[in-house]
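Participant: Please find the sequence and the predicted model below.
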Amino acid sequence: MVELPRVDIFCSFAPAYDSQNLLGIAKYCGQFGAWRIRVTHWPEGPAPQDSSEADGVLLINLRQDQLDHLSHLKCPIVGVNSSGETFDVPCVTYDEPALGRAGAEHLLGQGLRQFAFAGGATKFSIAREEGFSAAVRAAGYQAPLSLRDPSGRRADWVQLQDSTFLQQWLSQLPRPIGLMVLSDMVAVRILWECRSLGLHVPGDIAVISVDNVQWLCETAPTPLTSVDRNGEELGYQAARLLGRLMNGEQPERNVLMPPAGVVARRSTDLIDPNYPELMQAVHFIHDHACDPITLDDVLKAVPMSRSSLHRLFNDVYGRTPGDEIRDVRLKRAKKLLIETDLPIDDVARQCGFGWASYLSRAFGQAFQITPARFRAQARAEQKKAQKRS
């Protein structure tokens, strides 16, 4: 009886997390012949089992320290690369910039005009953010806002779990906005922070992430839209690459895996497609709020009755068209107060309030602070951040 080839599979994370990769490997085995497979969790340290008798090794979410520990092996080693790092073994790698582009294209398709990315300092997160930003800019919009700490550095993992840090950033985003998050796990945390802040998802912030972990996405505070990384196909291609190497072939060393697509859920279901007039109204407000417009001007631009527009705004955004006009003006006022030395009267006129007294009243109601005091505090924080950096 011919003995089946032995393949050792090591998972950096819990095997359940890598289930899509493992399904792809099983699919390959079912089509092209069985392997004797041993799946082992290897989170850190030396190899948890001896692979000297293995005919091949698959490293899912491989790390350099794993390769160092296995350097004595003579059998082929193939990695599933999800880190964005470069390794000296054949790998099947997620196309990280393409994941970002897929997220941007989905949000652009919802009619959004403002965008942000919440990621970290890891290479894969930066690559996703670069792909996202490139797609947004190619569509003719400003570069997305990026999650940074007060010194301008990308967030670390601790900050991505910090409610105060996340809420401060989320509360400062213009609205409505399309937000892409580096992963489902972080996105679910952000959805909870949005709920704590009273921000409507998707009305204020439409959220999309990456991984499409089904149970996580569907039990989120708002069911979460996510880019499917194509993990099953990636596992299949990794097994195929290892199989060819075990057969003595010399295939290409690196395979780039595009995403499978976007799985849309409620977090980006911005508007009923039967009511495109609502998005038209939002766009008009954002384009003209700092002009001396009123609701009558919005209704002239959008073929809807006053009552219908109020109802749709309330259903989708949880506020009125008048609230939207005021919020856009206040965000513009905050930007001018922070970035310019314009007198308060000029800030008021440029934001559509007309008079400093009207700006001060609206500012105080919204933020419980005067425009002048807000400017002073913002300047003080900027000086502190400069000293820290």
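Facilitator: Thanks, I have the structure now. A quick note: this is a predicted structure, and the numbers were derived from the prediction, not measured.
Participant: Send me the lowest-mean-pLDDT helix or strand in the chain as CSV with only the CA atoms.
Facilitator: Using mean pLDDT, DSSP states H and E, the weakest-scoring helix or strand in the chain turns out to be helix 371-388, at a mean of 79. Presented in CSV, the C-alpha positions along helix 371-388 are these (Å, rounded to 0.1, in the frame of the first residue of the first chain):
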residue,chain,number,x,y,z
PRO,A,371,-15.7,79.9,19.1
ALA,A,372,-12.9,82.0,20.6
ARG,A,373,-12.4,79.6,23.5
PHE,A,374,-12.5,76.6,21.1
ARG,A,375,-9.8,78.2,19.0
ALA,A,376,-7.6,78.9,22.0
GLN,A,377,-7.9,75.3,23.2
ALA,A,378,-7.2,73.9,19.8
ARG,A,379,-4.0,76.0,19.4
ALA,A,380,-2.9,74.9,22.9
GLU,A,381,-3.3,71.2,21.9
GLN,A,382,-1.4,71.7,18.7
LYS,A,383,1.5,73.2,20.6
LYS,A,384,1.5,70.2,23.0
ALA,A,385,1.5,67.7,20.1
GLN,A,386,4.4,69.5,18.5
LYS,A,387,6.4,69.3,21.7
ARG,A,388,5.7,65.6,22.0
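Participant: Check which residues of it are buried.
Facilitator: Buried residues in helix 371-388, counted by 16 or more other CB atoms under 10 Å: 371, 374, 375. In this view, the C-beta of every residue, glycine as well, is placed from N, C-alpha and C.
Participant: Which of those residues lies at the shortest distance from residue 106?
Facilitator: residue 374 (35.3 Å; CB to CB).
Participant: and the closest residue to that closest one other than its chain neighbours, how many residues sit next to it?
Facilitator: Distances taken as CB to CB, 6 or more residues apart in numbering put residue 337 closest to residue 374, at 5.9 Å, once the chain neighbours are dropped. By other CB atoms under 10 Å, the residues close to residue 337 number 22.
Participant: What separation do you get for residue 337 and residue 378?
Facilitator: 7 Å (CB to CB, to the nearest Å).
Participant: gap between the closest residue to residue 104 other than its chain neighbours and residue 65?
Facilitator: Distance criterion CB to CB, 6+ apart; nearest residue to residue 104, sequence neighbours excluded, is residue 135 at 3.6 Å. Separation of residue 135 from residue 65 (CB to CB) stands at 34 Å.
Participant: who has more neighbours, those two?
Facilitator: Per other CB under 10 Å, whichever of residue 135 and residue 65 has more neighbours is residue 135, with 22 against 12.
Participant: Okay, and that one sits in which element?
Facilitator: helix 123-138 (DSSP states H and E).
Participant: What helices and strands are in contact with that helix?
Facilitator: Applying 3 or more CB pairs under 8 Å, 6 or more residues apart in numbering; DSSP states H and E, one finds that helix 123-138 makes contact with helix 96-109, strand 115-118, strand 177-181.
Participant: For residue 265, which of the ones you listed is the nearest?
Facilitator: Closest to residue 265 of the helices and strands packed on helix 123-138, according to CB to CB: helix 96-109, at 11.2 Å.
Participant: Kindly report the domain assignment for the protein.
Facilitator: Per automatic domain parsing, the domain ranges recorded for the chain read 6-94+231-260, 96-228+263-268, 276-388.
Participant: Quick check: which of the ones you listed is buried the most?
Facilitator: When the domains of the chain are scored by mean count of other CB atoms under 10 Å, the highest mean neighbour count falls to domain 96-228+263-268 (a mean of 20).
Participant: can you give me the mean pLDDT across it?
Facilitator: Summarised as a single mean, pLDDT over domain 96-228+263-268 is 93.
Participant: Roughly how far does the most centrally placed residue in the chain sit from residue 144?
Facilitator: Geometric centre of the chain, nearest residue: residue 181, 1.7 Å, by CA atoms, centre = their mean. Distance of residue 181 to residue 144, given as CB to CB: 12 Å.
Participant: And residue 12, by the same measure?
Facilitator: Separation of residue 12 from residue 144 (CB to CB): 30 Å.
Participant: ok so, going back, to residue 148, which of the helices and strands packed on helix 123-138 lies closest?
Facilitator: So among the helices and strands packed on helix 123-138, strand 115-118 is nearest, using CB to CB, at 10.2 Å.
Participant: Can you list the strands that the closest one pairs with?
Facilitator: Applying DSSP bridges, strand 115-118 is found paired with strand 145-146 (parallel), strand 177-181 (parallel).
Participant: what angle sits between the longest one and helix 123-138?
Facilitator: By that I understand strand 177-181. Going by axes from the mean of the first three to the mean of the last three CA atoms, to 10 degrees, strand 177-181 is angled at 160 degrees with respect to helix 123-138.
Participant: Check which element follows strand 177-181 along the chain.
Facilitator: Criterion used, DSSP H and E; the element after strand 177-181 is helix 184-197.
Participant: Taking strand 177-181 as reference, get the angle to the next helix or strand after that next one.
Facilitator: Using DSSP H and E, the helix or strand that follows helix 184-197 in sequence is strand 205-210. Computed by the same axes, to 10 degrees, the angle separating strand 205-210 from strand 177-181 equals 20 degrees.
Participant: What is strand 205-210 packed up against?
Facilitator: Packing partners of strand 205-210 (3+ CB pairs under 8 Å, 6+ apart): helix 96-109, strand 177-181, helix 184-197, strand 225-228.
Participant: these two touch, right, the residue nearest to residue 104 and residue 101?
Facilitator: Yes. Assessed by CB atoms under 8 Å, residue 135 is found in contact with residue 101 at 4.4 Å.
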